[in-house]
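*Asks:* Fold the following, please.
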Amino acid sequence: MPSIVSRLKPLTFGLLLLPIILVHQETDAQQRRAPAEASEIRLSFAPVVRRAAPSVVNVYAARVVANRNPFFDDPIFRRFFGAPGGSPSEQLQRSLGSGVIVDSSGLVVTNNHVVEGADQVKISLQDNRELDAEIVLKDARSDLAVLQVKDQRERFAAIEFADSDSLQVGDLVLAIGNPFGVGQTVTQGIVSAVARTQVGISDYQFFIQTDAAINPGNSGGALVDVSGKLVGINTAIFSRSGGSQGIGFAIPANMVRVVVASAKSGGATVRRPWLGARLQGVTPEIAESLDLRRPVGALVASITKSSAAARAGLRIGDLITSIDGQPVEDPNAFEYRFATKMLGGTARLTFMRSGKEMFTDVALETPPAAVHDELVIAARSPFTGVRVANVSPALADELRIDPSVEGVVILDVANGTPAQSVGFQRGDIVLAVNNQAIAKTRDLERVTATPSRAWRVTIRRGSQQMTVMLNG
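*Replies:* Numbers count the residues shown, from 1 in each chain. Next up, the predicted model:
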């Protein structure tokens, strides 16, 4: 049976997760040691849990969905059984997960997939009180969301952040949540690995792996060190059965900190540094051609004009090996390290060029603002039902597409439309239609407004460019 890596799914019915937190970790590397005698093994984490528990909450998310019976679309069925009165019936879908209070004003961080599509959100405190909350920021790229308790007259117990980059394999950690809705549960384990970059869960592939038992229902729960500080947000498990098999993944606290900072500043989106260069991994063949001992680093594949990378003097073919002294194993590791830098100032990059080690300082700045000119194609064509925008550095960064490509990018494809049946996908770049170059959204709108029996479409998907013939 194939192995599966999946996000921790919020439980659909039942109680939410109560992530707990822990205390007591020696941060000095010299204080890390194995137990010296049996009495040390009998030590308890109970005091840590009691101290941290008030910062952990359950998150209840609900949304209203139409529950229309498809038989009522049949006129014969309607004739004999009658049509339902009023609008289609509605059903309230509920899900639960966990959250962690990160600011005394009632700011709560959880997984984005716990509250995705929610119309109503509540949190439940340790004392069982339920409070209404609103979603103030959602960041699908990191799978994090920030909630705000609506009643801000009260001051809440907020957890303290740890520096997740200081974690080492073998460190003790605690996971807190409500697995399978059984109630608040604390599990203990060690850090099995750091900087996991090939998990495939979100855009930022850089996770803490732990063997602390994590199960469905732990979404958004806390992973804490033994000093009671937050080191990560539990988000996914590796499992063949759907239950814990000792391989869980958490979003590092340093990424959580960036998302929370954006929410505190009043932003509806996360503001992150933008390099302005597309990076690729180093294969064994590339490593051999560059005379590298092993295939590590992030190879510069393209650079956007006037970007931070261009102004720093980077060139295509440069191999980035570290950022501010932290090693870069692959492009995912670089993107995480770069994205968790605070805006303003610079970051020092170490890179290899023609066999020589070099250094440069790159500015930590956001992508330049651009006019996206979004629109939905309504004219009858293979594109009917797509929402498109002009390619810009910001969109290229968000959609993980080559920023040097000019064209129109597809942002969304409506269900049941010709565009969906054709197979267009979010992130596809439309380059030409019927031999006419598509540089802006208005170009696509103009071309599709003219009826045609056949459509010649050229798009770019990932690194591949393809031309297809479609019927009108």
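*Asks:* Setting aside sequence neighbours, what's the nearest residue to A213?
*Replies:* If the residues on either side of it in the chain are set aside, A213 comes closest to T187, at 4.1 Å by CB to CB, 6 or more residues apart in numbering. Where you see a C-beta, it was placed from the backbone N, CA and C, and this is true even at glycine.
*Asks:* Now the helix or strand hosting the one you found: buried residues?
*Replies:* In this assignment (DSSP states H and E), T187 forms part of strand 185-196. Across strand 185-196, burial judged by 16 or more other CB atoms under 10 Å covers T185, V186, T187, G189, V191, S192, V194, A195, R196.
*Asks:* Pretty sure L125 sits against L131.
*Replies:* Yes - contact criterion CB atoms under 8 Å: L125 and L131 qualify, at 7.0 Å.
*Asks:* who has more neighbours, the two?
*Replies:* Remark: of L125 and L131, L125 carries more neighbours, 20 against 17, as counted by other CB atoms under 10 Å.
*Asks:* Apart from its neighbours in sequence, what residue is nearest that one?
*Replies:* Leaving aside its chain neighbours, L125 sits nearest to V57 (5.8 Å; criterion: CB to CB, 6+ apart).
*Asks:* Tell me how far the one you found lies from I320.
*Replies:* From V57 across to I320, the span is 40 Å (CB to CB, to the nearest Å).
*Asks:* So which residues of the stretch 201-350 of the chain form strands?
*Replies:* For the stretch 201-350 of the chain, applying DSSP state E, counting those that start in this stretch gives strands covering 207-210, 222-225, 230-239, 248-252, 277-280, 298-303, 319-323, 326-327, 346-353.
*Asks:* rewinding a little: so which of V57 and I320 has more stuff around it?
*Replies:* Per other CB under 10 Å, whichever of V57 and I320 has more neighbours is V57, with 32 against 26.
*Asks:* so what's the backbone phi/psi at the more buried one?
*Replies:* Dihedral pair for V57: phi -130, psi 160, per degrees, to the nearest 10.
*Asks:* And the helices in the stretch 51-200 of the chain, which stretches?
*Replies:* Counting by DSSP state H, counting those that start in this stretch, the stretch 51-200 of the chain has helices at residues 75-81, 112-115.
*Asks:* what does the stretch 301-450 of the chain give?
*Replies:* Applying DSSP H, counting those that start in this stretch to the stretch 301-450 of the chain gives helices spanning 308-311, 331-339, 393-399, 418-422, 441-448.
*Asks:* from the middle of its chain, how far away would the fourth one be?
*Replies:* To tie it back to what came earlier, the one meant is helix 418-422. Computed by CA atoms, centre = their mean, to the nearest Å, the chain-centroid distance of helix 418-422 equals 27 Å.
*Asks:* and what of the shortest one?
*Replies:* The chain centroid and the centroid of helix 308-311 are separated by 26 Å under CA atoms, centre = their mean.
*Asks:* where does the stretch 1-150 of the chain have low pLDDT?
*Replies:* Filtered on pLDDT under 70, the stretch 1-150 of the chain yields the residue ranges 1-31, 40-41, 65-93.
*Asks:* run the last query once more with 90
*Replies:* Along the stretch 1-150 of the chain, the model assigns pLDDT under 90 to residues 1-54, 56-97, 113-114, 116-119, 124-129, 140-141.
*Asks:* need the contact list for V199.
*Replies:* Applying CB atoms under 8 Å, 6 or more residues apart in numbering, we find V199 in contact with V5, Q205, F207, A236, F249.
*Asks:* Closest one of the residues you listed to A437?
*Replies:* Nearest to A437 out of the contacts of V199 is Q205 (CB to CB; 34.4 Å).
*Asks:* you'd agree that closest one is up against R337?
*Replies:* No - using CB under 8 Å, Q205 makes no contact with R337, being 11.9 Å away.
*Asks:* Which residues does the strand holding T187 contact?
*Replies:* Residues from elsewhere that reach strand 185-196 (CB under 8 Å, 6+ apart): 18, 20, 22, 45, 49, 167-179, 205-214, 246-247, 249, 329, 333, 336.
*Asks:* one more time with 6 Å, if that's ok
*Replies:* Strand 185-196 has contacts (CB atoms under 6 Å, 6 or more residues apart in numbering) with 20, 49, 167, 169-176, 179, 206-213, 333.
*Asks:* now the contacts of V199 as a markdown table including distance to P418 and neighbour count?
*Replies:* Putting the contacts of V199 into a markdown table (distance: CB to CB, whole Å; neighbours: other CB atoms under 10 Å) gives the following:
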| residue | distance to P418 | neighbour count |
| --- | --- | --- |
| V5 | 34 | 16 |
| Q205 | 34 | 18 |
| F207 | 39 | 27 |
| A236 | 35 | 27 |
| F249 | 39 | 24 |
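*Asks:* Which one of these is nearest to L375?
*Replies:* Q205 (32.4 Å).
*Asks:* can you pull up the bridge partners for N111?
*Replies:* Note on N111: beta-bridge partners L144, judged by DSSP bridges.
*Asks:* go on, V191?
*Replies:* Taking DSSP bridges as the rule, V191 bridges to T210.
*Asks:* likewise A277?
*Replies:* Here A277, judged by DSSP bridges, has bridge partners I303.
*Asks:* what about it, how many neighbours?
*Replies:* A277 has 25 neighbouring residues, counting by other CB under 10 Å.
*Asks:* Low-confidence ranges, the stretch 351-472 of the chain, go.
*Replies:* Within the stretch 351-472 of the chain, the ranges that satisfy pLDDT under 90 run 366-374, 378-380, 391-407, 411-423, 425-427, 435, 450-454, 461-466, 468-472.
*Asks:* how much space is there between V169 and Q425?
*Replies:* Distance from V169 to Q425, by CB to CB: 38 Å.
*Asks:* picking up where we left off before, and the strands of the stretch 201-350 of the chain, which is most packed in?
*Replies:* strand 222-225 (a mean of 33; mean count of other CB atoms under 10 Å).
*Asks:* Please work out the average pLDDT along that strand.
*Replies:* Throughout strand 222-225, pLDDT has a mean value of 94.
*Asks:* Output the contacting helices and strands for that strand.
*Replies:* If you count contacts as 3 or more CB pairs under 6 Å, 6 or more residues apart in numbering; DSSP states H and E, strand 222-225 packs onto strand 172-177, strand 230-239.
*Asks:* mind redoing it with 10 Å?
*Replies:* Applying 3 or more CB pairs under 10 Å, 6 or more residues apart in numbering; DSSP states H and E, we find strand 222-225 packed against helix 46-52, strand 56-66, strand 90-103, strand 172-177, strand 185-196, strand 230-239, strand 248-252, helix 253-264.
*Asks:* Serialize those to TSV and add fields for distance to R33.
*Replies:* Shown next, in TSV, are these (distance: least, CB to CB, whole Å):
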stretch	distance to R33
helix 46-52	18
strand 56-66	29
strand 90-103	29
strand 172-177	12
strand 185-196	14
strand 230-239	19
strand 248-252	24
helix 253-264	24
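*Asks:* what about the strand holding T187, average pLDDT?
*Replies:* For strand 185-196, the mean per-residue pLDDT is 89.
*Asks:* quick one: that strand to strand 248-252, angle?
*Replies:* Using axes from the mean of the first three to the mean of the last three CA atoms, to 10 degrees, the direction of strand 185-196 lies 70 degrees away from that of strand 248-252.
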